[in-house]
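Novice: what follows is a predicted structure for the sequence shown.
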Amino acid sequence: MNVQALELFQDGAAVAGFPGVATSTGTVDASGTLDVVLTTHSTFVLRATSQGGQDEATITVFQQVDESEPNDDAATAQVLTTSGAPVVGMVSPAGDEDWYAVTVPAGGWIRAWTDDGAGACPFDTYMTLTSTDGVTRLAFDDDDGVGACSFLQPGAIDPGAANLAAGTYFVRVRAYSSSVTGTYVLHVEFGGPGCGNSIIEPSEQCDDGNTAAGDGCDAQCTYEPNGTFTAPGAPQLLSLAQSILHPR
Ligand SMILES: [Ca+2]
Ligand SMILES: [Ca+2]
Ligand SMILES: [Ca+2]
Ligand SMILES: [Ca+2]
C-alpha cells in the first residue's frame, strides 16, 4: 500500500523541509539528508499515513556527555542533569573510579547501566549507588547488564534505587578487575514517582512502563481486565498484567 504522507516531528513541531521529493505516482521519496539542531535531547516522531491508516515510530536522541576527571569520589562527582543522556567515560589508569551525581525529588528512582554504546559490553564493569552522604551503599551490581556489564534496576531487583528521599545520589563505575582499563558508555535515567516509569511504587498495583489503557495495567497503574468481561454465563478467563522490567 502506498504511503500517502510521511511527516517528521521534533518535540511536537513539524520539521521544516521534510519529507523529500514527492514522486509522480504520489508516493513520497524520503531519501536525502536533513540537518536538525539538538540542545540536550529531542524526541522525533515519524508518522506514515496510507489508505490503511496511520503508523508512528518514536525515537529520542540525546547529546552525548563526556566524562570529566577528576571524579574519583563523591566530593568531585560529575553532575549529570539530563536523564537518559549517555556518558562516555574511561577507566584509566587501572583502578580508576568514576563518580556521577544525580539529583531526584522525593520518591525518586535511579536506573543506570553500562555498555559500549552499541549494545555490547566493552569490559567487566562494577557499579554502586551511594546515598546522599556519599558513604552509604544503597545498591550494587556486577553482571546484570549485557555480558559482564552492570545494571542497577530500581524496583524488585534493586529496591535501594527506588523510593528515594529527595537529594543528590552517586553512581560509581569501575572495572571489576583492578588491572583493567577501557572506555565505556554509562546510561543513567532518573526521575520522580509516577505511572509509566516501570517501577511499582506504593500507590500502584502494576507499572508496565506506559500509561496506555487496555493492556492490563491502566493509566493509573491499577490492574484492568484483559478483555471484555460479561456475566453471567460460562466461566470467564480474567488475566491480569504483571510487572515488566524496563524494556531494553
Ligand atoms: Ca574515568
Ligand atoms: Ca575517575
Ligand atoms: Ca561486571
Ligand atoms: Ca510507577
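Specialist: Cool, the structure landed. Residues are numbered from 1 along each chain as shown. Ligands and ions are numbered 1, 2, ... in the order given.
Novice: can you list the residues of the chain near ligand 4?
Specialist: 197, 199, 201, 207 (Cβ under 5 Å from the ion). The C-beta positions use only the backbone N, C-alpha and C, and glycine is treated the same way.
Novice: give the buried residues for stretch 171-189.
Specialist: 171, 172, 173, 174, 175, 180, 184, 185, 186, 187, 188, 189 (16 or more other Cβ atoms under 10 Å).
Novice: excluding its backbone neighbours, what's nearest residue 45?
Specialist: Once flanking residues are discounted, residue 45 sits nearest to residue 9: 4.5 Å by Cβ to Cβ, 6 or more residues apart in numbering.
Novice: need phi/psi at that neighbour.
Specialist: phi -120, psi 140 (degrees, to the nearest 10).
Novice: let me know the closest of the residues of the chain next to ligand 4 to ligand 3.
Specialist: Nearest to ligand 3 among the residues of the chain next to ligand 4: residue 199, at 22.9 Å, using Cβ to the ion.
Novice: what's that closest one in contact with, if anything?
Specialist: 109, 154, 155, 162, 193, 207 (Cβ atoms under 8 Å, 6 or more residues apart in numbering).
Novice: now it, what's its secondary structure?
Specialist: Taken by DSSP: H, G, I helix; E, B strand; the rest coil, the conformation at residue 199 corresponds to coil.
Novice: residues near the closest residue to it other than its chain neighbours, how many?
Specialist: Of all residues beyond its chain neighbours, the one nearest residue 199 is residue 155 (4.6 Å), with distances taken as Cβ to Cβ, 6+ apart. Neighbour count of residue 155, defined by other Cβ atoms under 10 Å: 20.
Novice: swap in residue 58?
Specialist: 10.
Novice: how about it: which residues does it bridge to?
Specialist: residue 45 (DSSP bridges).
Novice: shouldn't it be in contact with residue 43?
Specialist: Yes - at 6.4 Å, residue 58 and residue 43 qualify as touching, with contact defined as Cβ atoms under 8 Å.
Novice: for the chain, name the helix or strand with the lowest mean pLDDT.
Specialist: Sorting the helices and strands of the chain by mean pLDDT, DSSP states H and E puts strand 28-29 at the bottom, at a mean of 52.
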